[in-house]
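>>> Everything below, folded, please.
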Amino acid sequence: MKRGICILLIIFCGFSLVSCAGISVNEYKTSANIGAKEFDTEKAVDIATEYVKNLRDKKYGESEKLFSDKLKEMIRSKEHDENLEVSGYSVDKVEELTKSIKVTLKVTRTDKTKPFTSLEELSMTVINEDDNYSIDKIESKLKKEVFVVDDDVRIRNEDNIEDFLLIRRSAIPSFILDKENPLSMSKVKLENNKLARLNMDFSGEHMAITTEDINTMVASINIDETLMTAAKEKGDSKGEEKGQEDGSKKEKPVGKEIKVLGLIKDGKVDFLTYSEDNLYLIVQYKKELSDMLKVYDIENAEELKFSFDKNFDRSKFNLIYKGSDKENMKFIVNKKEGAVLSSDEEEALGVYSIEFRTLEINKI
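Reported below is the predicted structural model:
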């Protein structure tokens, strides 16, 4: 009887531990009593996001200042791949541990030299020592990566050896509707539909692509996870038969739908990222030696009605993406080199925030 009671208690405790293991980012408390200390949960999240922001901005020295003494001692190399850039992040979950708080973020990276993007899960354990918050442990887990092989886009899940066809280059449209002149119903020909920049969203269910051309196409692809699972199961069941196929049957892509969001005429895309809720795609591009921005509503496959280049003359200003969340995007307005500004235009320089849904813009 006693043994039965013990087993029941063990099972109950096990369920209790599982139920308390993770706290949604929208549900975590602003403070928690961890051990004998009052722990500011929001501050712990801020430390974790500041670390990723510094990586995005390539402020590696500032990132290391957020480490605990123990973590600093564990650093063996300070080399960084300058071509692989952090393009965005989203706070995924917050967990209260025995003496610390674990903050998990979804982080996307892109390669500025070739079509490549990855989605990873970055977990940071934040401790509080004498009211000094620091990162004591960092763990990274690859969730997805996308790359190009023989002009076709392929995707790999986590650490799997096998990869899957996402979209063929031949499936990328050659003609794009000119949305800037919708009444004419004219289409613009893409002279080169070779892929340039790629970027995953934070769910791993969508991927943004751009083409390498004087007229750059911006599009978002829906990824069908069920097709990836089915393709893997089919491959497992066939065993060695896969290697014996005569090539007459083409591999089925796991990309379900491609949404053309827009066309950037005479411009080159430098950077793109999704908003935290994956509803908007932000594009940093260069045109006429100026840095400019566009934001696309992915669901409706259209550009936001706010025109950045009409509100900020590209012959005088540069617009630089600074960051975004679910509701807003921040950007910096800088003076273009050699530009002569009036007093009103000088006043326009600074940091701005624009709300995605209302298009309300405020200078910060």
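>>> residue ranges for the strands of the stretch 101-250 of the chain, please.
With DSSP state E, counting those that start in this stretch applied, the stretch 101-250 of the chain shows strands at 101-111, 116-129, 132-149, 152-157, 164-167, 175-177, 187-189, 195-200, 206-211, 215-223, listed in chain order.
>>> Kindly present these as CSV, with separate columns for mean pLDDT.
Listed next are the strands of the stretch 101-250 of the chain as CSV, based on pLDDT from 0 to 100:
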stretch, mean pLDDT
strand 101-111, 96
strand 116-129, 95
strand 132-149, 95
strand 152-157, 94
strand 164-167, 94
strand 175-177, 82
strand 187-189, 81
strand 195-200, 93
strand 206-211, 94
strand 215-223, 92
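>>> For these, give me TSV that also has distance to residue 306 and mean neighbour count.
C-beta here means a position set from N, CA and C on the backbone, and glycine is covered the same way. Shown next, in TSV, are those (distance: least, Cβ to Cβ, whole Å; neighbours: other Cβ atoms under 10 Å):
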stretch	distance to residue 306	mean neighbour count
strand 101-111	24	22
strand 116-129	27	20
strand 132-149	30	16
strand 152-157	31	20
strand 164-167	30	22
strand 175-177	21	15
strand 187-189	23	14
strand 195-200	22	24
strand 206-211	20	25
strand 215-223	16	22
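>>> To residue 82, which of those strands lies closest?
strand 101-111 (10.4 Å; Cβ to Cβ).
>>> mind checking the SS state of residue 359?
Under the three-state scheme (DSSP: H, G, I helix; E, B strand; the rest coil), residue 359 adopts coil.
>>> dump the residue contacts of it.
Taking Cβ atoms under 8 Å, 6 or more residues apart in numbering, we find residue 359 in contact with 304-306.
>>> picking up where we left off before, which one of the strands of the stretch 101-250 of the chain lies nearest to residue 364?
Residue 364 lies closest to strand 101-111 among those, at 23.6 Å (Cβ to Cβ).
>>> How many residues are close by residue 52?
Look at residue 52: counted by other Cβ atoms under 10 Å, it has 20 neighbours.
>>> Find the nearest non-adjacent residue to it, please.
Closest residue to residue 52 apart from its sequence neighbours, by Cβ to Cβ, 6 or more residues apart in numbering: residue 89 at 4.6 Å.
>>> Bridge partners for that neighbour, pull those for me.
Beta-bridge pairing for residue 89 (DSSP bridges): residue 107.
>>> so where's the stretch 1-150 of the chain shaky on pLDDT?
1-37, 77-78 (pLDDT under 70).
>>> and the chain, what are its domains?
Domain ranges of the chain: 22-141, 150-233+251-363, per automatic domain parsing.
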